[in-house]
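K.L.:
when you get a sec, could you give me coordinates for this:
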Amino acid sequence: MKIKITDHFSLSELISPDNGEILIDDLFYEHMALLEELRVSADFPLRVNSGHRSAAHNESVGGAPKSMHLRFATDLTPLGRDLDLNEGLEVINDIAEAVGFQGIGRYNTFLHLDRRDLIGRGPARWDNRT
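P.N.:
Numbers count the residues shown, from 1 in each chain. Predicted structure coming up:
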């Protein structure tokens, strides 16, 4: 059974793929509310490449030791038959800024989003595109 968290996202997309771990707390709910707002505003599908990560999974994928994925973050790729990847990434980046994500990282094929402000971290923006 697919457990829906919002109209557009299910629990299975958000759990750590190695062991099914996830932390469901205020940070998770606040993040998901903004993520759903972003998805509705974008008006095209988004794939969650990475949500919560267990410590072991984070290490195995080369994640930062203090990665927000250890609490909760999402890496997203825009989808759509007629959608240019770069254009889609620009759209979701702009919407993410507007709706209030505080951690936004840009990569060649995905956008990282988090709510680091809810755990006392300051805003962060980075661009790891090549």
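
K.L.:
run through the bridge partners of the residue nearest to the spatial centre of the chain.
P.N.:
In the chain, the residue lying closest to the centroid (Cα atoms, centre = their mean) is residue 74, at 1.7 Å. Listed beta-bridge partners, residue 74: residue 113 (assigned using DSSP bridges).

K.L.:
was I right to think it contacts residue 22?
P.N.:
No: taking contacts as Cβ atoms under 8 Å, residue 74 lies outside contact range of residue 22: 11.9 Å. Glycine gets a C-beta too; all of them are placed from N, C-alpha and C.

K.L.:
ok, and for the biggest helix by length in the chain, which residues are buried?
P.N.:
As assigned by DSSP state H, the longest helix anywhere in the chain is helix 26-42. Within helix 26-42, the residues scored as buried using 16 or more other Cβ atoms under 10 Å are 27-28, 31-32, 34-39, 42.

K.L.:
sketch out the helices for the protein, chain order is fine.
P.N.:
Along the chain, counting by DSSP H, helices occupy 26-42, 55-60, 85-99.

K.L.:
how much does the first one deviate in direction from helix 85-99?
P.N.:
In this case it means helix 26-42. Here helix 26-42 points in a direction 120 degrees away from that of helix 85-99 (axes from the mean of the first three to the mean of the last three Cα atoms, to 10 degrees).
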